[in-house]
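Asks: Fold the following, please.
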Amino acid sequence: MLLEILTPEKKLFSGDVQGVQLPGIDGLFEVLDKHAPLVSALGIGNVKVLHKGSASETYVIKGGFVEVINNKATVLVEGVL
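Replies: Next up, the predicted model:
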């Protein structure tokens, strides 16, 4: 799955990943490879990028939105903490 994490100022991440964990406004959820189309609001919290190996990386966001379509997840965040 292609993942892009964008702020108004810059691109934080772009690459092929296994999945991503996101802080939804009602709780954490995960988007994996070949996920169904989705649009959701995000709250303050951690975005955990799940790489295809065992490593992962985390970004702390102020909130935003995620759109998943055609095996691509685009995370638009208001800013990072």
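
Asks: got a list of what Ala36 touches?
Replies: Going by C-beta atoms under 8 Å, 6 or more residues apart in numbering, Ala36 touches Val68. Any C-beta I mention is one placed from the backbone N, CA and C, and that applies to glycine too.

Asks: Regarding Phe60, which helix or strand does it belong to?
Replies: Just to correct that, residue 60 is Val rather than Phe. Using DSSP states H and E, Val60 falls within strand 56-61.

Asks: next structured bit after that strand?
Replies: strand 64-69.

Asks: For that next one, give me every contacting residue.
Replies: 22, 31, 35-42, 73-78.

Asks: picking that back up, show me what the strand holding Val60 is packed up against.
Replies: strand 11-16, strand 45-50, strand 72-77 (3 or more C-beta pairs under 8 Å, 6 or more residues apart in numbering; DSSP states H and E).

Asks: ok so, going back, taking the contacts of strand 64-69 together, which two end up most distant?
Replies: Farthest pair in the contacts of strand 64-69 (C-beta to C-beta) is Ala36 and Glu78. Separation: 25.4 Å.

Asks: I'd like to know how many residues surround the closest residue to Glu30 other than its chain neighbours.
Replies: The shortest distance from Glu30 to any non-neighbouring residue, by C-beta to C-beta, 6 or more residues apart in numbering, is to Gln21 (4.9 Å). Gln21: 17 surrounding residues under other C-beta atoms under 10 Å.
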